[in-house]
Each structure stands twice: as C-alpha cells, then as structure tokens.
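1. Okay, here's the prediction I keep looking at, along with the sequence it came from:
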Amino acid sequence: QVQLVESGGGLVQAGGSLRLSCAASGSIGSINTMAWYRRAPGKQRELVAQIAGGGRTNYEDSVKGRFTISRDDAKNTVYLQMNSLKPEDTAVYYCNADISTYQLNRYLNYWGQGTQVTVSS
C-alpha cells in the first residue's frame, strides 16, 4: 500500500511564498517521475511541474521563474517552492508519482489527496 501525503498549503497574500511537500510511504521500491498538478475552481486539472528520476525538470509556462520543484530521494519526498504567488495560482495542488513497490515490480501512478493554496489580492 502506497500513500502520498501533501502538506504546506494555506492562505497567503499576493507576492508571498509557500512550500509544498509530498511524502510517499509504504513498501516503496523506487520512484520515477514525481509531479505537482493543480485544479483551480471551474478549470481542469493541469500539470504545474514535474521532476524525473534523474532530476530533469519541466514547468508549466505561467510558473516558470517563480516555482521550483525538487526531490529528496532518501526521504521519498517531492517539494514545490512557490514564490511571487498570484491570485491565479489559487487551486488545490495534487502530488503525483510513478512508484514501484517490492510486491509489484512495475511502476504504478499514485495521487495525493490534495492541499489547498489560496492567494489573496
């Protein structure tokens, strides 16, 4: 059984910063790509940032230069540092990861439960 648990969301004023964390737990063999998605009210879920197992990163255009994704493989954790936040960044942020377990030697995709980020103007 694998779980992804996010933390770090909250309410912040425009221009402020937040750091999201997502820790994977369970009988984890290895983790490949880890990512953050978000769903704003009335919109579809979108990819915000992703980081491959080798460290290569990819960002959605609107967050480039403001958000930084990183990972700590020793802790099975992915982070999203969000700076210069804007009201349009308001959304539920979801952690996503491709994880293989000791029981099942292939990668499956997992989602966290989501954490709310609200940016006030």
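-> Received, thanks.
2. Is the spatially most central residue of the chain bridged to anything, and to what?
-> Centroid-nearest residue in the chain, with CA atoms, centre = their mean: Trp36, separated by 2.8 Å. Beta-bridge partners recorded for Trp36 (DSSP bridges): Ala49, Cys95.
3. Could you report the pLDDT at it?
-> Listed pLDDT for Trp36 reads 98.
4. Also Ala14?
-> Confidence score, pLDDT, at Ala14: 98.
5. Please name the residues that touch it.
-> 85-87, 119-121 (CB atoms under 8 Å, 6 or more residues apart in numbering). Any C-beta I mention is one placed from the backbone N, CA and C, and that applies to glycine too.
6. so what's the spatially most distant residue from the centre of the chain closest to, chain neighbours aside?
-> Relative to the centre of the chain, the most outlying C-alpha is that of Gln103, 25.2 Å out, by CA atoms, centre = their mean. Nearest residue to Gln103 in three dimensions, chain neighbours excluded: Ser27, at 6.3 Å (CB to CB, 6 or more residues apart in numbering).
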